[in-house]
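# Below are the sequence and a predicted model for it; my questions follow.
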Amino acid sequence: MSTVVITAPEPVVSWEQVSAHLRLDGEDEKVYVEALVAAATAWIDGPAGWLGRAIGEQDLETRFSEFCDHMELMAPVIEIDAVEYVDERGESKPAISTLYRVTGQPSRPRLALAYGESWPSARSDVDAVRVRYRAGYPEVPPPIRQAILLLVGQWYEAREAVSIGNAVNQLPFAVEALLSPFRVYR
């Protein structure tokens, strides 16, 4: 199983929010600060993110080597766009939408076979089954936004990897405390 981002999400923290958080006057550092927002968001969001879920609305594709009982998708699922598979002759075919349904807890959605149905025969091959769907929060929860702002603030103030001679405050703990209720462990 692998998940790839087809359409990336829009930034979940706006310039206005981050500039107010950092108490910036003007837009002199807008490009730099927006890069920090992108880095903080990427650390948290999507298939490679720490949370193990999609935060901003995005189009994803999860690929499986075959149809199985419960194919795990990235939370939260908004809607399934398409399920395609490679048949035994090597041709790509769509699966009829009445064959499947989304089940499981909101934090662990799965694509499952609908009652009384059976999966079509798919070639047993890498990425033979592809599920394309929309995932993410229509409105990103405030704790996730705040965690992004805290990370950006820390990185903005401490622009080097090492700080010598300064008191150490464990800001990452605050970020983890905000994010932990949303984390999905895989």
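Noted; the coordinates are in hand.
# and P9, what does it touch?
Residues in contact with P9, defined by C-beta atoms under 8 Å, 6 or more residues apart in numbering, are 41, 45-46, 54-58, 136. Just so you know, the C-beta spots here come from the backbone N, C-alpha and C atoms, and that holds for glycine as well.
# which helices and strands does the helix or strand harbouring L179 pack with?
Assigned by DSSP states H and E, L179 falls within helix 171-179. Secondary-structure packing of helix 171-179 (3 or more C-beta pairs under 8 Å, 6 or more residues apart in numbering; DSSP states H and E): helix 142-157.
# circling back to that earlier point, if you look at the contacts of P9, which of them are in helices?
When the contacts of P9 are checked against helices (DSSP state H), the matches are T41.
# Let's have the contacts of P9 in TSV, adding pLDDT and distance to E117.
Putting these into TSV (pLDDT from 0 to 100; distance: C-beta to C-beta, whole Å) gives the following:
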residue	pLDDT	distance to E117
T41	94	38
D45	95	33
G46	92	31
A54	96	27
I55	95	32
G56	93	33
E57	95	29
Q58	97	29
G136	95	28
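# So which of the contacts of P9 is surrounded by the most neighbours?
Highest neighbour count within the contacts of P9: A54, with 27 neighbours (other C-beta atoms under 10 Å).
# any idea how far P76 is from that residue?
Distance, A54 to P76, using C-beta to C-beta, to the nearest Å: 7 Å.
# Next, show the common contact partners of these two.
Common contact partners of A54 and P76 (C-beta under 8 Å, 6+ apart): 135-137.
# Walk me through the domains of this structure.
2-54+139-182, 58-135 (automatic domain parsing).
# partner strands of the top strand by length along the chain, parallel or antiparallel?
The strand that spans the most residues within the chain, counting by DSSP state E, is strand 77-86. Strand 77-86 sits in its sheet next to strand 92-94 (antiparallel), strand 129-135 (antiparallel), going by DSSP bridges.
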